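Student: Below are the sequence and a predicted model for it; my questions follow.
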Amino acid sequence: MRRPAQWSGPRVALAAGVLVTAVVLAGCENDELESAMAAQSSSTSAALVCAKDAKPVTVPASFPASAAVPEGYVVTGVEARSGGRTVVTAVSPKPFTQTLADMQTAYSTRGWSASEGEVEERDAESNFDGNGLRGRWAIREIPDCTDNTSVSVLIGT
């Protein structure tokens, strides 16, 4: 079947970003955490864009510094969820393999323990817990942005 012309370029990238967020939300190991995330209470829009074009948004002061994305990444969206859960969406100005190394280092050196992760050719994710919280990060290569990677982090209790 031929795909419609409107599904090209940036729209494919946006659809990939939505898919990454869905993977983050669906991949939670705890049913309670997954259910709580289904009810969105407030958000700022997160568009999947190249790092050079990204418009940064402010991460709320309540978001733990130990769960922040690595320095140099541009936060493009924040979604507050019920039960004090938060999803942060960002774009890394680095290739997938370097972003993966950054995320693994960041979430293993700030008091987090990784679990149930997986690395594939162009995407990866990992659960983590510690610091009295649980979370999950997911990354995905952005096909239309050379050497850029989308990043999503979910954090909650």
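Tutor: Yep, that arrived. Residues are numbered from 1 along each chain as shown.
Student: CA atoms for contacts and neighbours, from now on please.
Tutor: OK.
Student: Burial check on Ala61, number of neighbours?
Tutor: Ala61 has 7 neighbours, counted by other C-alpha atoms under 10 Å.
Student: Now do the contacts for Ile139.
Tutor: Val20, Phe96, Thr99, Leu100, Asp123, Ala124, Glu125, Thr149, Ser150, Val151, Ser152 (C-alpha atoms under 8 Å, 6 or more residues apart in numbering).
Student: ditto for Ala124
Tutor: Counted by C-alpha under 8 Å, 6+ apart, Ala124 has contacts Leu100, Gly117, Glu118, Ala138, Ile139, Arg140.
Student: Enumerate every residue touching the first one.
Tutor: Just to be clear, that refers to Leu100. Ala124, Ile139.
Student: which residue ranges form the helices in this protein?
Tutor: Using DSSP state H, the helices of the chain run over residues 10-26, 31-37, 96-106.
Student: And those helices, which one averages the lowest pLDDT?
Tutor: Lowest mean pLDDT of the helices of the chain: helix 31-37, a mean of 36.
Student: ok, the contacts of Ile139 vs Ala54, which is closest?
Tutor: Ser150 (11.3 Å; C-alpha to C-alpha).
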